[in-house]
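Undergrad: I need the structure of the sequence given here:
(2 chains)
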Amino acid sequence: MNQAPLPNIRLDFSLTPHDIRRRRVNQIMLRIIQAAAIVSVVPLFTILFVIFSKGLPQLGLSFLLNGPLEQPTGIVNAIQGSLVMTFIAIIAAAPIGIGGGIYLNEYASTRVARIGELFIDIMLGVPSILAGLFAYFALVPILGHSGWTGSIALTVLMVPVVMRTTQEVLRLVPAGLREASLALGVPLWRTTIFVTCRTALSGIMTGVVLAISRGLGETAPLLLTSQTSNDVSINLGQPMNAMTVVIYQNATSSDPQIVATAWTTALVLFVVALILNVSVRFKTVNNRVF
Amino acid sequence: MESEQTTASKIAAKATRRDTTAVGEKSHIAMQLTDVEAMYGNFRAVNKVSLEIEARSVTAFIGPSGCGKTTLLRTLNRMHETLPGATVKGSIEVSGVNLYGSSIDPVRVRRSIGMVFQKPNPFPAMSIAQNVASGLRLSGMKANKKVAEIVEESLRKAALWDEVKDKLNEPGISLSGGQQQRLCIARTIAVEPEIVLMDEPCSALDPLATLKIEELIGELKTKYTIVIVTHNMQQAARVSDTTAFFNMGPDRGGFLVETGPTTKIFTNPTNKLTEDYIAGRFG
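TA: From the prediction side, this is the model:
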């Protein structure tokens, strides 16, 4: 045991003024970004609180099932209108958006893809009132103020949402999977459907739901196209009511009873959108494949 | 009974591996490469390679990074052209037919010339069994045998059956890296290719998993023609019968330096470049 004596190590851990200042700045900055995070969610809770406190008292089965001219008054026609027009719109927008997204990411040359992306981004940035304006001038003269024109205006707004999401999730699919499939002698179109899209399916569905949420939440284009109606009907050839339009119209009324209807409609709309989003979130988190 | 066969073939494979020094019966040529050039746009990644690949044997492509060996491998089953801007010149003949002939469908080529990639890439949305059957299912081919039989047979050939037979319905990506790579090999041989290309199949694996794959390659060469790209020279020496050494030219394009029986390349190479590379003086 001829161990050399251990050298004496002396470390000084006492805080210098510099350390103290750094720690103080650190604390302050931490509080600031915490405050920013809190401020960002304040509106959500305020909105929730107001919607529930003002909307809940009126909410009942009759509100959901009665027409606007019945007593007690209800918004069944607006719920129907919103759902029917959004449904028709997504039936059209999903295949166009998914197909276009697949084309841009899987088949188009780099240049075409880049130009395509630019167009989608522009379309995504177009204020929804412009989509309404387009439908108003191009379609209302042919189809009149009707559920159909409303649906088409919504389709115009939904397509880029679906397309962008599709393209982005397809881009996340590892190139190795496509190669593995191609190297097995699987034709490109089958690879695209059964490997690439299959792998990205939950992401694509998220895009579709995002588009549905957008459709449900639009007001401006519907004001210009489907307008409003008191009839309880799902006839797309006629003007149609929508929840957002009811909120817009009733909120500005001088009659507090009608204003209250706006709040309750907002509550219904909020819950519908929430259910949609949460259900998709659960679905996509559980089925995450990459 | 199956396991007896596997053991038998293992012994046979080991025997053949030992016998590679003795130049035995000259087997026939599986692929004939003539002046093969591979381009990425205007960049020539592979320069005029002419090479014969023997059937039912293992051919290794070795060489420093960037010498075009993986690119060349990908021309052999027309995977190279799936990359944007990638093209191939020259001819690659299999049983007298040029794979790049105008009437040849690349999908058919890939069906008979399979490929195993560097990174194990099982399909994440599929179970172990589905992964093995994927080549048949995805191409919409009607199999003669029952799919379950093909799955078992392929997994046995890939020396994975015993490890996964009780969990065939679990996702393919739940397996370890080495098992995933053997799953990918099972998937490749399930479509019954003649030739199997392997692009650094062990580079993402630990030494034990590597050993298993190397043993497997020794078994597979009794039924398939194998071409393997490897960075690991010991691996080339262990598994291959023939070695082709590539290097990067002054124009950064890869070219074939020399090819020959593995024992000769590693003990008595003709070219000074090969000797330096083998000795670890560059690369």
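
Undergrad: use CA for all of it now, contacts and neighbours both
TA: OK.

Undergrad: so where is the chain shaky, pLDDT-wise?
TA: All of this refers to chain A. Residues of chain A meeting the criterion pLDDT under 70: A:1-2, A:283-290.

Undergrad: My question was about chain B, not that one.
TA: For chain B (pLDDT under 70), the answer is B:1-27, B:142-145, B:283.

Undergrad: Does A:R114 lie in a helix or a strand, and which?
TA: A:R114 is part of helix A:110-125 when elements are defined by DSSP states H and E.

Undergrad: which of the residues in that helix are buried?
TA: Residues A:113, A:116-117, A:120, A:123-124 are the ones in helix A:110-125 that count as buried (16 or more other C-alpha atoms under 10 Å in any protein chain shown).

Undergrad: Look at the residue of the stretch 1-150 of chain A found nearest chain B and say how many residues are nearby.
TA: Using C-alpha to the nearest C-alpha, A:S109 is the residue of the stretch 1-150 of chain A that sits closest to chain B, at 7.9 Å. Neighbour count for A:S109, taken as other C-alpha atoms under 10 Å in any protein chain shown: 13.

Undergrad: Contacts only, for A:T219.
TA: With contact set as C-alpha atoms under 8 Å, 6 or more residues apart in numbering or on different chains, A:T219 has these partners: A:244-245, A:248.

Undergrad: How far off centre is the helix or strand harbouring A:A89?
TA: Assigned by DSSP H and E, A:A89 falls within helix A:76-102. Counting by C-alpha atoms, centre = their mean, to the nearest Å, helix A:76-102 is centred 13 Å from the centre of its parent chain.

Undergrad: With stretch A:195-213 instead?
TA: That offset, for stretch A:195-213, works out to 12 Å (C-alpha atoms, centre = their mean).

Undergrad: wait, doesn't A:G237 sit right on A:W148?
TA: Yes. Between A:G237 and A:W148 there is a contact under C-alpha atoms under 8 Å: 6.4 Å.

Undergrad: still on that earlier bit, show me what the helix holding A:R114 is packed up against.
TA: Counting contacts by 3 or more C-alpha pairs under 8 Å, 6 or more residues apart in numbering or on different chains; DSSP states H and E, helix A:110-125 packs against helix A:147-172.

Undergrad: Which SSE is immediately downstream of the helix it packs on?
TA: helix A:175-183.

Undergrad: What residues of the helix or strand that comes right after that following helix count as buried?
TA: Once helix A:175-183 ends, the next helix or strand along the chain (criterion: DSSP H and E) is helix A:188-191. Residues of helix A:188-191 classed as buried: A:188, A:190-191 (neighbour count, 16+ other C-alpha under 10 Å).

Undergrad: Tell me how many other residues crowd the closest residue to chain B within the stretch 51-200 of chain A.
TA: Nearest residue of the stretch 51-200 of chain A to chain B, counting by C-alpha to the nearest C-alpha: A:G185, 4.1 Å away. By other C-alpha under 10 Å, the residues close to A:G185 number 28.

Undergrad: From A:V186, how far off is the closest residue to it other than its chain neighbours?
TA: Closest residue to A:G185 apart from its sequence neighbours, by C-alpha to C-alpha, 6 or more residues apart in numbering or on different chains: B:R111 at 4.1 Å. Distance, B:R111 to A:V186, using C-alpha to C-alpha, to the nearest Å: 8 Å.

Undergrad: any idea how far the helix holding A:R114 is from the chain center?
TA: 20 Å.

Undergrad: next structured bit after that helix?
TA: Once the chain leaves helix A:110-125, the next helix or strand it forms, by DSSP H and E, is helix A:128-138.

Undergrad: Just the buried positions in that next one, please.
TA: Across helix A:128-138, burial judged by 16+ other C-alpha under 10 Å covers A:128-129, A:131-136.

Undergrad: Show me what that helix is packed up against.
TA: Applying 3+ C-alpha pairs under 8 Å, 6+ apart, one finds that helix A:128-138 contacts helix A:147-172, helix A:220-224.

Undergrad: Just want the angle from it to helix A:147-172.
TA: Per axes from the mean of the first three to the mean of the last three C-alpha atoms, to 10 degrees, the angle that helix A:128-138 makes with helix A:147-172 is 130 degrees.

Undergrad: For helix A:128-138, C-alpha coordinates in CSV please.
TA: As requested, C-alpha coordinates have been extracted for helix A:128-138 and formatted as CSV (Å, rounded to 0.1, in the frame of the first residue of the first chain):
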residue,chain,number,x,y,z
SER,A,128,-63.1,34.1,-44.9
ILE,A,129,-65.2,37.1,-45.9
LEU,A,130,-63.5,36.9,-49.3
ALA,A,131,-64.6,33.3,-49.7
GLY,A,132,-68.1,34.5,-48.9
LEU,A,133,-67.8,37.4,-51.4
PHE,A,134,-66.7,35.0,-54.1
ALA,A,135,-69.7,32.7,-53.4
TYR,A,136,-71.9,35.8,-53.3
PHE,A,137,-70.9,37.1,-56.7
ALA,A,138,-70.2,33.8,-58.5
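
Undergrad: buried sites along the longest helix anywhere in chain A?
TA: Selection of the longest helix in chain A by residue count, based on DSSP state H, yields helix A:17-55. For helix A:17-55, the neighbour count (16+ other C-alpha under 10 Å) marks A:51-52, A:54-55 as buried.

Undergrad: and it, how far out from the chain's middle?
TA: That offset, for helix A:17-55, works out to 25 Å (C-alpha atoms, centre = their mean).

Undergrad: can you check stretch B:49-57 too?
TA: 12 Å.

Undergrad: Mind listing residues that contact that stretch?
TA: Counting by C-alpha under 8 Å, 6+ apart, B:27-37, B:59, B:221-226, B:240-242, B:255-256, B:259 sit against stretch B:49-57.

Undergrad: List only buried entries from the residues you listed.
TA: Among these, those scoring as buried are B:30-37, B:59, B:221-222, B:224-226, B:240-242, B:255-256, B:259 (criterion: 16+ other C-alpha under 10 Å).

Undergrad: Go back to the residues you listed and keep what's next to chain A.
TA: By C-alpha under 8 Å from any C-alpha of the partner chain, no member of those lies near chain A.

Undergrad: returning to that earlier point: quick one, phi/psi of the residue of the stretch 1-150 of chain A closest to chain B?
TA: A:S109 adopts backbone torsions of phi -70, psi 160, taken as degrees, to the nearest 10.

Undergrad: Identify the residue nearest it in space, chain neighbours excluded?
TA: Per C-alpha to C-alpha, 6+ apart, closest to A:S109 is B:P84, 7.9 Å.

Undergrad: burial count for the one you found?
TA: B:P84: 11 neighbours (other C-alpha under 10 Å).

Undergrad: Please apply the same query to the one 5 residues further on.
TA: Burial of B:K89 is recorded as 16 neighbouring residues (other C-alpha under 10 Å).

Undergrad: and what of A:P141?
TA: Neighbours of A:P141 (other C-alpha under 10 Å): 11.

Undergrad: Please save the CA atoms from the helix or strand where it lies in PDB.
TA: For A:P141, the element it lies in under DSSP H and E is helix A:140-143. Presented in PDB, the C-alpha positions along helix A:140-143 are these (Å, rounded to 0.1, in the frame of the first residue of the first chain):
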ATOM      1  CA  VAL A 140     -75.600  33.300 -55.600                       C
ATOM      2  CA  PRO A 141     -76.800  34.500 -59.100                       C
ATOM      3  CA  ILE A 142     -77.000  30.800 -60.100                       C
ATOM      4  CA  LEU A 143     -78.000  28.900 -56.900                       C
END
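
Undergrad: Can you list the buried residues in stretch A:64-76?
TA: A:64, A:66-68, A:73-76.

Undergrad: hang on, the earlier thing: so for B:R111 and A:V186, which sits in the more crowded spot?
TA: Set B:R111 next to A:V186 and count neighbours by other C-alpha under 10 Å: A:V186 wins out with 29 against 26.
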